[in-house]
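Peer 1: the following comprises the amino acid sequence and a computationally predicted model.
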Amino acid sequence: MLNICFLGKSKFEYDGIGFGDQLGNKVIALICLLALNEKRYLSREKIIGYLWPDSNAEAAKYNLRYNLWLIKKNIEPDKNGHQFLRVDNDCCCINKDYEFECDIFDIIKFKPSNNDSIEGMLKLKQLFRGDLLEGCYFNKCDELNEFIIFERINFEQRKVKILKRLVELYENENNYDSCIEIINEILEIEPYDEEMVLKILDIYAKCGKQVAAITYYNNFSNVLAGSLGISPSYELRNKYKEIRLTLSDCNNDDDLSSEDKRSSMSDKKNIHSDIKILSDCIKNIDYFWISNVIGKIITVADKAYLNQLSKKELLDLSVIQSDILSCLDLNEELDLIATCKREVMGVSIINAFIKLLTNVSHKQSITIVILNSADMDEVSSNMLKYLKRNQIEGLNLIEE
């Protein structure tokens, strides 16, 4: 049986024996044009317009006759004696009775149905070995080259359709790892497909990987802002908010670094994390992460922890996080503090921050999830290394 592949490097085999090297590029293009035509029918005039637009009438007709002869010479009749092509004075078409297999036929025929199987979708997926007529460019055949580019886009869209069906089938079997793998393939083709990003967030949430979901959302949001200058859709933003509200599962072992896993095996492993903080980072802004953590602690922790710091320590921290002032009962000293210009040494801020974390973690276990850790400023990064090295009891750091 004849087997033809047009995706990737073109391949022609008859009963497993290849003969594509005996066909010229124009012959391959001609067969592809007939195969892609809905009725597998093209007029001789249209074929000539695609393949020999610059040739005079006689030369073009001769070229077509020669290429049709090459096809007949190299593609044998099928087991029922049918010729591959039907040719008359006006048109050429592939014989609908001829038995053969072609990768693009199987793809074009696909329509989602209840009978779809993972095995069947994977077989279709494997047919996409590359672009349609990969590596082919036809000199002085602008209409043909434009047609090929247009069809390449069409087949990319068909591939996405098949991959999305595969995602649905994997999800029905709760095979979430394979779901995410296929979705990432889709996003390589359509990087701004918010439907698929929403699906990834939903899968991460189902698996208890809220931190991974939040990180993925933030990265996607940055891509949208940087490339298109837009924000995520209303549905995506709502999903993000929903996941943040369920961050109680954020210390899932799959999300922890090896150091955090070792820490979780220590005496703290049975301590419930009473305080959970989601922190963020910005490059080249000194103390940003430290300031962000302080601000979150002020929001969620008992103010008694702040009162355990001296006024000098509180003022040192207020240099990088002014919200501290609004949480203090400083009475008549407030005006003095607001107008006082103090030069605070970095070591004073660091020591006050360590004392604050120590005070909180000794009374309540505190988990700090660090998003976009690669963007952490240098001062905060050194602080984080110190905290990991010294392992304050009750303090759990999850770095993303």
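Peer 2: Yes, it's here. Just so it is clear, the model here is predicted, and its values are computed rather than measured.
Peer 1: tell me where the stretch 51-200 of the chain has strands.
Peer 2: 85-87, 91-94, 100-102 (DSSP state E, counting those that start in this stretch).
Peer 1: who's in contact with the second one?
Peer 2: When you say that, I think you mean strand 91-94. 30-31, 34-35, 37, 39-44, 47, 68, 84-86 (C-beta atoms under 8 Å, 6 or more residues apart in numbering). Every C-beta, even on glycine, is put in place using the N, C-alpha and C of the backbone.
Peer 1: any chance of TSV for the strands of the stretch 51-200 of the chain, columns mean neighbour count?
Peer 2: Conversion of these to TSV gives the following (neighbours: other C-beta atoms under 10 Å):
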stretch	mean neighbour count
strand 85-87	17
strand 91-94	19
strand 100-102	16
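Peer 1: hang on, Val211 packs against Asn372?
Peer 2: No: between Val211 and Asn372 there is no contact under C-beta atoms under 8 Å: 11.6 Å.
Peer 1: joint contacts of those two?
Peer 2: Glu400.
Peer 1: more neighbours: those two, which one.
Peer 2: Val211 (25 against 18; other C-beta atoms under 10 Å).
Peer 1: so that one belongs to a helix, correct?
Peer 2: Yes: the assignment for Val211 (DSSP: H, G, I helix; E, B strand; the rest coil) places it in a helix.
Peer 1: could I get the strands of the stretch 51-200 of the chain in TSV, plus columns for mean pLDDT?
Peer 2: As requested, those are arranged in TSV below (pLDDT from 0 to 100):
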stretch	mean pLDDT
strand 85-87	94
strand 91-94	94
strand 100-102	95
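Peer 1: mind putting these in CSV, distance to Trp52 included?
Peer 2: Output for the strands of the stretch 51-200 of the chain, formatted as CSV (distance: least, C-beta to C-beta, whole Å):
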stretch, distance to Trp52
strand 85-87, 17
strand 91-94, 14
strand 100-102, 25
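Peer 1: of all those, which one is nearest Lys125?
Peer 2: Nearest to Lys125 among the strands of the stretch 51-200 of the chain is strand 100-102 (16.7 Å), distances taken as C-beta to C-beta.
Peer 1: quick one: contacts of the closest one?
Peer 2: In contact with strand 100-102 (C-beta under 8 Å, 6+ apart) are residues 1-6, 35, 78, 84.
Peer 1: so what are the domain limits for this structure?
Peer 2: 2-123, 191-249, 256-399 (automatic domain parsing).
Peer 1: only whichever of the contacts of strand 91-94 are buried, select them in PyMOL.
Peer 2: Under the burial definition 16 or more other C-beta atoms under 10 Å, those of the contacts of strand 91-94 that qualify are selected in PyMOL by:
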select buried, resi 30+31+34+35+40+42+44+47+68+84+85+86
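Peer 1: return the distance of stretch 149-156 from the chain's centre.
Peer 2: 21 Å (C-alpha atoms, centre = their mean, to the nearest Å).
Peer 1: tell me which of the contacts of strand 91-94 is nearest to Leu198?
Peer 2: Ala35 (36.8 Å).
Peer 1: and the next helix or strand past the helix or strand hosting Leu34?
Peer 2: Leu34 is part of helix 25-36, with elements assigned from DSSP states H and E. Downstream of helix 25-36, the first helix or strand assigned by DSSP H and E is strand 41-43.
Peer 1: show me what the mean pLDDT comes to for that next one.
Peer 2: For strand 41-43, mean pLDDT rounds to 89.
Peer 1: show me where the stretch 51-200 of the chain has helices.
Peer 2: In order along the chain, the stretch 51-200 of the chain carries the following helices (DSSP state H, counting those that start in this stretch): 57-74, 103-109, 118-126, 142-172, 176-189, 194-206.
Peer 1: what's the answer for the stretch 301-400 of the chain, then?
Peer 2: Using DSSP H, counting those that start in this stretch, helices in the stretch 301-400 of the chain cover 304-307, 311-318, 323-326, 333-339, 346-363, 378-390.
Peer 1: any idea how far the third one is from the middle of the chain?
Peer 2: Right, the one you point to is helix 323-326. 41 Å.
Peer 1: find the nearest non-adjacent residue to Met121, please.
Peer 2: In this structure, Met121 finds its nearest non-sequential neighbour in Leu166, 4.2 Å apart by C-beta to C-beta, 6 or more residues apart in numbering.
Peer 1: tell me the contacts of the one you found?
Peer 2: 118, 121-122, 125, 182.
Peer 1: pLDDT below threshold where in the stretch 1-150 of the chain?
Peer 2: 38-40 (pLDDT under 70).
Peer 1: mark which of the contacts of strand 100-102 are buried, thanks.
Peer 2: For the contacts of strand 100-102, buried by 16+ other C-beta under 10 Å: 2, 4-6, 35, 78, 84.
Peer 1: pick out the most distant pair among these.
Peer 2: Phe6 and Asp78 (19.3 Å).
Peer 1: give the burial count for Asn359, as a bare number.
Peer 2: The burial count for Asn359: 18, using other C-beta under 10 Å.
Peer 1: that one contacts Ala301, doesn't it?
Peer 2: No: Asn359 is beyond contact range of Ala301, at 9.2 Å (criterion: C-beta under 8 Å).
Peer 1: surely Ile349 touches Tyr287?
Peer 2: Yes: with contact defined as C-beta under 8 Å, Ile349 reaches Tyr287; the gap is 6.9 Å.
Peer 1: neighbour count: the two, which is higher?
Peer 2: Set side by side, Ile349 and Tyr287 show more neighbours around Ile349, with 24 against 21, by other C-beta under 10 Å.
Peer 1: excluding residues flanking it in the chain, which one is nearest the more buried one?
Peer 2: Asp316 (5.2 Å).
Peer 1: including neighbour count and distance to Asn307, could the contacts of Leu166 go into TSV?
Peer 2: Formatted as TSV, the contacts of Leu166 follow (neighbours: other C-beta atoms under 10 Å; distance: C-beta to C-beta, whole Å):
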residue	neighbour count	distance to Asn307
Ile118	15	60
Met121	22	62
Leu122	13	62
Lys125	16	62
Ile182	25	54
